[in-house]
Each structure stands twice: as structure tokens, then as C-alpha cells.
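K.L.:
Provided below for reference: sequence and predicted model.
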Amino acid sequence: MTRPPILKAKASILFPMPLPEPFDYTVPDGMELRVGDHVRAPIGPRVARGVVWALSGDDGSRNLKAVDSVYDAPPLSPAMIEFVDWSARYLVQLPGIMLRNVLRSEDSLLPSPREVLFAPTGEEPARLTEARQKVMDVIAENGPDSATKIARLAGVTPGVVTGLVKAGGLRRIERPADPPFDPPDPDRPGVDLVPQQQEAAGQLTRMLDAGGFQAALLDGVTGSGKTEVYFEAIAHALREDPEAQILVLLPEIALTQAVTARFIQRFGAEPAVWHSDQGHKERRRIWREVNHNRARIVIGARSALFLPFQKLRLIVVDEEHDATYKQGDGLHYQARDLAVVRARASKAAIVLASATPSIETLANARAGRYAYIRLPDRIGKAVLPEVTTIDLRDHRPERGLWLSDPLVSAMADTLQRREQVLLYLNRRGYAPLVLCRDCGHRMKSPDVDAYLTEHRYTGRLICHLTGFSMPRPEKCPECGAIDSLISVGPGVERVAEEAKARFPDANVEILSSDTAHSAEKLLALIDRMERGEIDILVGTQIAAKGHNFPNLTLIGVVDADLGLAGGDPRAGERTYQTLVQVAGRAGRAERPGRALLQTHDPDHEAIAALVAGDRDRFMEAETMAREVLGLPPFGRLAAIIISSKDAHQVDGVAADWAKRAPDADGVTIWGPAEPRYGMVRGWHRRRLLVRADRDVDVSAYVAAWKRRMKPVSSVRVTVDIEPYSFV
């Protein structure tokens, strides 16, 4: 009788590399592995970090390499592995690419490095020199710190600091360089909720008590107190399970400072804040603490979805409608949609909050797939602002100016009452176009088919797509005419210039990513606005999101038509959402607010619905149009973008893709066509657009199509499932 072979353990390891699948390795005797463990294993000529994706028996039929070592760190959770696999299939990406978004630097898996700080002993040093006194003063003002930093602040050498230890004035303190996060206190009292907030919070807590995957739309007008409602849900989740982890997604880094302050006030502890502006040390700290289940609350941008939560119980997607949740560079994904998948994999609850929910989320709520919780009224004495239009066909500003007489008059009245004004224009810089009045030459970026934006404060012309920058030339580069270049159209800098000219005694400031390019500068500007030190704030879309300025009573939208141009099927919806959000900044305290919209098309559905306060009518019309056209959420879209440095090659490859598209019922292929920007950073681009019926697995269709095509090394192929950008 033949005995079966003794099976050794075999580990399938996924590496954070563009590889199609996990690779198999034998597990050395004495090494214990779990699915999700972080390991090092040989791949090619080197040893690399990977994750154990599966374990099975090895019959010895193949000569497998052995796992090199295993990290002493918690494994990725089964929910995270499921999320990575699902996302890779859905986005038509290699699993290793998805894993690369999860894993951080190797030192995130290691214990925190130690650091030495110096603190006062409370005793008088044996000999107090002038230099030593400077050190003692710095520590008294700033608290314990490293010898290097103390010495720098005191203007002395580090030896003076260490000498104070021998003299008895200072003592050494050793602690982790990455300190743990303080646990939040869910029993800390919050604000008193009004009845509609209490009912909404009760619905969320009952949803949490039901357990498992649950989803809810929290649909509340601006100023209705949605944040305080989901704070109650967070507190309830933490009371029921002290080890629960909470993720709150925000659409803009700009909002994290204000939201962090509210979390500290409500829960008595600072949450972990995750976004691209954080330095390596802080990201290492957050990743490690989340992985060890020691970070209870995380607030962050869309990439926080890929943090290695161990016990995720609640996700909140604030301003869920916001288009910035769509990642448009590198890995294309919609964070709101992946957040729902992340919650389902973790058997967690998810709350999608917005004053202007997306059509996709509203459709899910109305179909009963999500709980539908509404907050129809502002809290306290605040009321929704009055919204009216200024027809620019009847009130055309003077040549070279952009503010109409009715808007200027309203601004004067507002400033006379010592109230604040926000002028909104979602266009950075001074002017969107610079051209030569002699020959008509238009200043363009050299490596993209886009006009250069003039920034008057810096004297430069900038491409906002690629970052290309050049000084504003003194003469036309085409015809050589001197002083012939003129600025066409307004940006926020130009509107601010006009506001200063019209109201010379007013304090006018600009809020855009150019002027508030760091968290510190943004927070300082918002603080000045809240304290009433700014009379007129001129802002881009960053000014419309989540800010609460009690003395702001007038909103002036300089160009309400700006987002309606082009062939974007979401243009009307996005314009309406943006205008509601920006108008909602007015009258959030006791003083009533109003919003004036300058427009050439006051009868457009989005603008008319905002004036009438009839969101439901507008959303119904948009929904019906989407349904007739078979667009999301009633159909599926996918874009395939072909790019090459060679224009002839890109046309040939794109045509070949179109010719070899699989035949399938319910699928229509449009293109190839040149998008709005036919060249970006020197790469010529063509787009194929797939429209499919709702019951078609468009991801599987695109994956099958992609397998038919032979890769060309000099051609890039990008897949975008449910595209938001058509440029």
C-alpha cells in the first residue's frame, strides 16, 4: 500500500508589484505563518516584502523557494484581503498594484524607534551660566524636547543641554518617537441635539445595534448639524465596543483642521489624521497604530480607505457627493463606492452624509438598499439663505470688470452692516488666458493642449494640469510684439483686484489652493475669517466646503454658468451641488443670509431649482435623463485611455482596440476619440468609452477585452471604471 506524501506548508505570497497573481513558496520548518502575515521572500535576484495571501499543502512536485522571514506584526485582516481582491477585479487592476496602496514603508511594521528628550528636574543647576539659562527658558516655554531642537531654539550647542544633565538641572526621558494616540472618550458630553437630530442619531444607533453591514444616507441641508449626528453614531460604536475602529473620510485636506478641532472637543482626544501632506514620520505612526488596532478614530482623505484596519466598525463619508472622492491620476477609483465595499467586507456600518447627495446614492436610498435619514431644517435660529439670480444679459458689467451693479450694491449694503461677503469663482489665478492682441497667439503649455493661467501675484504663467511654469513674457513669442500680451477672462486674483478697487477700505483676501497651499496657512486664513478680520473673501471651490463663518451673510457667485459647459453628463448635477454648498455658507448664525448668482442662463434647470429651493424636482429631472440615456446609476461606464509619445502610433493602437472589442449584448463602444486635452506631458491621448446595461459586468468585459490585446511597450493603457473626468 502506497502512503500519501507528507505535505509541507505552502504559502502564496502577493507582492506590491505589477504582477498578475501571488507566487508560491515553501514554509521552512519551525516557521509559523498566518494568512495576511507580512513576510520577506526571494523574487528574482532580490528578497522583497510581501503578504501571505493563502496557505495550503505542498506535495513537493515543484522546486519552490522558501519564505525568508516573517515580520513580528499583526497580519492584514481577512476583510482587507477580500477588499484588495475585489477592488482589483472591479478596477481591472493587478492585485499587486492594489496591495501597493495598502503597504507603507517597511519601518511601519517595526516597533517605534526611541527618542531622548530633556526635561527640567525642578532643581537649580550647580552652575547657571547665560547659555544654560537660555536652555532652561526654552524648555520652560516649549516643554521637553530633543537636545538638537532645544539647542537650536536657544542658540547654543547641544553640549550645553547635555551638560545641564550633569549639573542636575535637566533629566533624560526616553520614549517612543511615534507616541500612541490617546483613546477617545465616547461618554464625554456633546452638544444638545434638537429633536430632528435626536431622531436621526437614533436611527443610526439602531442600525449599529443590528450589526453586520448596514448603509445609510444622511441627507441634511447645510447647517442642519449632520456632523453632530454622526458624532453620536461614533460615540455609540465606541461605547458598545472599546476596540472598534472608526474611519471618517473627508473630500478635502482643507477640512481636516476644522474637523479635527471638533473631534477633540467632542471626544477629548485627537484623531489620527491621514492625508498626503503628512510627513513620513506621521504616516508611519498612523499606519502602525491602525495596524495594531490602537488608533480608534481616523479622519482622512480617500487613501485612508487602504489603511490596515483590524476591527473597522463604522465608516462615515462626509460630503459623499464631492467629485474629489474620484481619484483621477495613477490608480483610478471612486472612494465613496470603495468605502461601501470596504464596509461590506468588514461587516461594518457606513454613513454617507451630504446636503446634496449624488444621484447614485439617492437611487440606492430610494430603492431601499440604504436607510434614508433626512434633516430638512437648519438648527437654531439660522434659516436657509435667499437665493436670487442676476441676469448678466440685463446687468452686464463694464468692459474689463466682472461684478455687476446689483452685486456691487449688495456688497456695499453688507459691508455697511459690518457683515462679511464671499465672492465665489472656481478659477484659480488672475486670468485663464493670455493672448497677443497683434497676432492672436494664445499662450499654451508646451506639453499639453491647454492654455496657461496667469498668476499676477507671482508674475508667472502656469499650467494647472502639468505644473509647467514660466515668467510672463514681455513680448509675444510668436510675432515678437512688445507689450502686446493681454489677460482674458477672470480668475480669483482678478476678482479680488476689482473688489479692492471698488471697496478700498475693505480687507480683501483670496482663498484658493495657491494662497493656502499648506495646512497652517489655510487654518490661519479661516481663523481670520471666523474672527471677522476679513471683509471680502474671494474663493475657489475650497471656500465652499464645510466652513462655518458666523458673520458671513452675502454670497456672490461671479459665474454660475462656469461648470455647465462641455459634454460631462454630470455637469448639471455637479454645478447644482457646488452652488448649494457655496450658498449654504451664508446665514449660518442668527443673521439671515442671501446668495446672488451672476448668470447668462437663469432658466437653466440647475440654477432655477436652486432659486426655487426645489432640489427634488431638479434631481428627478436629472435622474430621468440619466435613465433615458442608460447612464449611471442606470447603466455602467468605463473609459480606456490609450497614450503614446507618437501621434500616429496612438491612432493606430486605439483603432486596433476598437476593432477587437468583444461582442456582447447590452454593450456599446464609443470612439476612439481625442479627449479635450489630446496631449498631456508630451503623451498623445485617445479615449474609448464603454456604455453597458446595468446587469453587465463591465469590469469583466474590459478585462476580457484587455486580454485580447498585445501590450506595446511604448504605449500606455489606462482603465477607468465609472469615469468622472472627460478631459
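P.N.:
Nice, I can see it.

K.L.:
Not counting stretch 56-73 itself, show me its contacts.
P.N.:
For stretch 56-73, contacts defined as Cβ atoms under 8 Å, 6 or more residues apart in numbering pick out 5, 7-13, 24-28, 31, 33, 37-42, 47, 109-110, 291-292. For the C-beta atoms, the positions are set from N, CA and C on the backbone; glycine is no exception.

K.L.:
Swap in 7 Å and give it another go.
P.N.:
5, 7-11, 24-28, 31, 33, 37-42, 47, 109, 291 (Cβ atoms under 7 Å, 6 or more residues apart in numbering).

K.L.:
how about that stretch: buried residues?
P.N.:
Within stretch 56-73, the residues that qualify as buried are 58, 64, 67, 70, 73, counting by 16 or more other Cβ atoms under 10 Å.

K.L.:
what's the answer for stretch 200-208, then?
P.N.:
Buried, per 16+ other Cβ under 10 Å, within stretch 200-208: 200-205, 207-208.

K.L.:
okay, it in PDB with CA atoms only?
P.N.:
C-alpha atoms of stretch 200-208 as PDB (Å, rounded to 0.1, in the frame of the first residue of the first chain):
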ATOM      1  CA  ALA A 200     -31.600  60.800  13.000                       C
ATOM      2  CA  ALA A 201     -29.000  59.800  15.600                       C
ATOM      3  CA  GLY A 202     -31.400  57.200  17.000                       C
ATOM      4  CA  GLN A 203     -31.800  55.700  13.500                       C
ATOM      5  CA  LEU A 204     -28.000  55.400  13.200                       C
ATOM      6  CA  THR A 205     -27.500  53.800  16.600                       C
ATOM      7  CA  ARG A 206     -30.300  51.300  15.900                       C
ATOM      8  CA  MET A 207     -28.600  50.500  12.600                       C
ATOM      9  CA  LEU A 208     -25.300  49.900  14.500                       C
END
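
K.L.:
which residues in the stretch 101-250 of the chain form strands?
P.N.:
114-120, 170-176, 214-220, 245-249 (DSSP state E, counting those that start in this stretch).

K.L.:
Walk me through which strands the last one pairs with, and which way each runs.
P.N.:
What it means is strand 245-249. Paired with strand 245-249 in the same sheet, following DSSP bridges, are strand 297-300 (parallel), strand 312-318 (parallel).

K.L.:
Out of those, which is the most enclosed?
P.N.:
Of the strands paired with strand 245-249, the one with the most neighbours on average (mean count of other Cβ atoms under 10 Å) is strand 312-318, at a mean of 25.

K.L.:
Show me what the helix or strand that comes right after it is packed against.
P.N.:
Remark: after strand 312-318, the chain's next helix or strand is strand 326-327, criterion DSSP states H and E. Applying 3 or more Cβ pairs under 7 Å, 6 or more residues apart in numbering; DSSP states H and E, we find strand 326-327 packed against no helix or strand.

K.L.:
returning to that earlier point: which members of the contacts of stretch 56-73 occur in helices, if any?
P.N.:
If you go by DSSP state H, these have Asn291 in helices.

K.L.:
Buried ones only from the contacts of stretch 56-73, please, as a PyMOL command.
P.N.:
Filtering the contacts of stretch 56-73 down to the buried ones (16+ other Cβ under 10 Å) takes a single PyMOL command:
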select buried, resi 9+10+11+25+26+27+31+33+37+38+39+40+41+109+291
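
K.L.:
Among the contacts of stretch 56-73, name the ones in strands.
P.N.:
8-11, 24-26, 38-42, 47 (DSSP state E).

K.L.:
ok, of those residues, which one's closest to Gly682?
P.N.:
Val47 (36.5 Å; Cβ to Cβ).

K.L.:
give the contact list for that closest one.
P.N.:
With the criterion set at Cβ under 7 Å, 6+ apart, Val47 makes contact with 40-41, 68.

K.L.:
just for this structure, where's the confidence low?
P.N.:
The chain contains residues with pLDDT under 70 at 1-8, 254-256, 380-384, 514-520, 543, 545-548, 563-568, 584-590, 727.

K.L.:
okay, now the domains of it?
P.N.:
Domains of the chain are assigned by automatic domain parsing as 8-103, 114-176, 195-375, 386-427+490-624, 635-721.

K.L.:
where exactly do the helices run in the stretch 601-727 of the chain?
P.N.:
In the stretch 601-727 of the chain, the segments counted as helices under DSSP state H, counting those that start in this stretch are 605-612, 615-629, 647-659, 698-708.

K.L.:
Please read the previous query as pertaining to the stretch 401-550 of the chain.
P.N.:
405-416, 492-502, 519-530.

K.L.:
Relative to Leu128, which of these is closest?
P.N.:
helix 519-530 (35.5 Å).

K.L.:
what's the closest one packed up against?
P.N.:
On a contact count with 3+ Cβ pairs under 7 Å, 6+ apart, helix 519-530 meets helix 256-267.

K.L.:
Please identify the buried residues of the helix it packs on?
P.N.:
256-260, 263, 266-267.

K.L.:
mind listing what the nearest residue to Ala119 once chain neighbours are set aside touches?
P.N.:
Distances taken as Cβ to Cβ, 6 or more residues apart in numbering put Pro144 closest to Ala119, at 3.9 Å, once the chain neighbours are dropped. By Cβ under 7 Å, 6+ apart, the contact list for Pro144 reads 117-119, 173.

K.L.:
same check, this time on Gly556
P.N.:
By Cβ under 7 Å, 6+ apart, Gly556 lies in contact with 407, 411, 421, 423-424, 596.

K.L.:
pretty sure Asp277 is touching Arg283, no?
P.N.:
No - at 10.1 Å, Asp277 does not count as touching Arg283 under the criterion of Cβ atoms under 7 Å.

K.L.:
more neighbours, those two?
P.N.:
Arg283 (19 against 12; other Cβ atoms under 10 Å).

K.L.:
Would you mind naming the helix or strand containing the more buried one?
P.N.:
helix 280-291.

K.L.:
what's the angle from that helix to strand 312-318?
P.N.:
Counting by axes from the mean of the first three to the mean of the last three Cα atoms, to 10 degrees, helix 280-291 points 130 degrees away from the direction of strand 312-318.

K.L.:
which other residues reach helix 280-291?
P.N.:
Contacts with helix 280-291, where a contact means Cβ under 7 Å, 6+ apart, come from 73-74, 104-105, 107-108, 112, 178, 180-181, 272, 274, 295, 298, 307-309.

K.L.:
I appreciate the help and will end here.
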